[in-house]
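> Sequence below, structure please.
(2 chains)
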Amino acid sequence: GQQVMQIPQYQHVQEGEDFTTYCNSSTTLSNIQWYKQRPGGHPVFLIQLVKSGEVKKQKRLTFQFGEAKKNSSLHITATQTTDVGTYFCAGDENDYKLSFGAGTTVTVRA
Amino acid sequence: EAQVTQNPRYLITVTGKKLTVTCSQNMNHEYMSWYRQDPGLGLRQIYYSMNVEVTDKGDVPEGYKVSRKEKRNFPLILESPSPNQTSLYFCASSPQPSSYNEQFFGPGTRLTVL
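Predicted coordinates for the structure are as follows:
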């Protein structure tokens, strides 16, 4: 079955620095979704990417969908303490089953 | 307020004692799903439902049952809980009858099976 791998598992970032988290699927995806979960909270939807090569930006966050629709990345610039949390990608292969990556847990050093 | 609610939020039980975790959404969403979250494994889908009376297995359905008798409710049933079902459980819903769209998550239910 479909597997979604996410790296790194942990990201320790100095405040103000940039970082990237990567998501790779074993199969072609119809779309990919990104979620953020704050400590003690529930996952909250950030964005959905649908088209091959698509790039979307949300303020300091840049999301990319690979040309083959099998990988994606989230890049955060000028990290702030509000960026703390776990970021999940989720791949949708057949429009019914959503497979989540294991997540990247981000901590920020002030 | 548009939301997904889950009850209970916390539950400690013993092996073999049947339990139900309720999930309800007030957004008239078609699609509902249950996930479990374990350290290092992310969110794994247990069951999903595309509409009333239509359910199907996710990636980890063993030991769980669901039903969708009404659009707004999607209870998760553990007939005979075991310690390996100790986990954080999330219910989610989505407007369309597929997982193609944004998932709205409930607050989570932390279950401990002794």
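
> residue contacts, residue 17?
Here I'm looking at chain A. A:78-79 (C-beta atoms under 8 Å, 6 or more residues apart in numbering or on different chains). In short, each C-beta sits where N, CA and C put it, glycine included.

> wait, chain B
B:Pro81.

> which element is it on?
For B:Lys17, there is no enclosing helix or strand under DSSP states H and E.

> Check which helices and strands the helix or strand of chain A with the lowest mean pLDDT sits against.
Taking mean pLDDT, DSSP states H and E as the measure, chain A has strand A:98-100 as its least confident helix or strand, at a mean of 90. In terms of contacts (3 or more C-beta pairs under 8 Å, 6 or more residues apart in numbering or on different chains; DSSP states H and E), strand A:98-100 is packed against strand A:85-92, strand B:42-51.

> Compare these and give me the one nearest B:Gly58.
strand B:42-51 (3.1 Å; C-beta to C-beta).

> May I see the buried residues of the closest one?
By neighbour count on 16 or more other C-beta atoms under 10 Å in any protein chain shown, the buried set for strand B:42-51 is B:42-50.

> Ok, stretch A:41-59 next?
A:42-43, A:45-49, A:54, A:56.

> looking at the sheet around B:Asn73, what are its partners?
B:Ser24 (DSSP bridges).

> wait, what's in contact with it?
B:22-24.

> now these: which count as buried?
Those of the contacts of B:Asn73 that meet the buried threshold are B:23-24, by 16+ other C-beta under 10 Å.

> and of the contacts of B:Asn73, the nearest to chain A?
Nearest to chain A among those: B:Cys23, at 12.3 Å, using C-beta to the nearest C-beta.

> what ranges of chain A fall below the confidence cut-off?
Low-confidence segments of chain A (pLDDT under 70): A:1-2, A:93.

> Which residues of it lie near chain B?
A:1, A:6, A:9, A:30-31, A:33, A:35, A:41-45, A:48, A:88, A:90, A:92, A:95-103 (C-beta under 8 Å from any C-beta of the partner chain).

> Any quick ChimeraX command for the buried ones out of those?
ChimeraX command restricting these to the buried ones, with burial defined by 16+ other C-beta under 10 Å:
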select /A:6,31,33,35,42,43,45,48,88,90,92,95,96,97,98,99,100,101,102,103
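
> Would you map the strands across the chain?
Answering for chain A, as no chain was given. Remark: strands assigned in chain A by DSSP state E are A:4-7, A:10-14, A:19-25, A:31-37, A:44-49, A:55-58, A:61-65, A:71-76, A:85-92, A:98-100, A:104-109.

> should've been chain B
Using DSSP E, strands in chain B cover B:4-7, B:10-13, B:19-25, B:31-38, B:42-51, B:54-57, B:65-66, B:76-78, B:87-94, B:104-105, B:109-113.

> Tabulate the ones you listed in CSV, adding columns for distance to A:Gln14 and mean pLDDT.
Shown next, in CSV, are the strands of chain B (distance: least, C-beta to C-beta, whole Å; pLDDT from 0 to 100):
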stretch, distance to A:Gln14, mean pLDDT
strand B:4-7, 36, 98
strand B:10-13, 36, 98
strand B:19-25, 40, 98
strand B:31-38, 28, 96
strand B:42-51, 26, 94
strand B:54-57, 44, 94
strand B:65-66, 45, 98
strand B:76-78, 41, 98
strand B:87-94, 30, 97
strand B:104-105, 30, 97
strand B:109-113, 32, 98
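
> Please consider this matter closed, and thank you.
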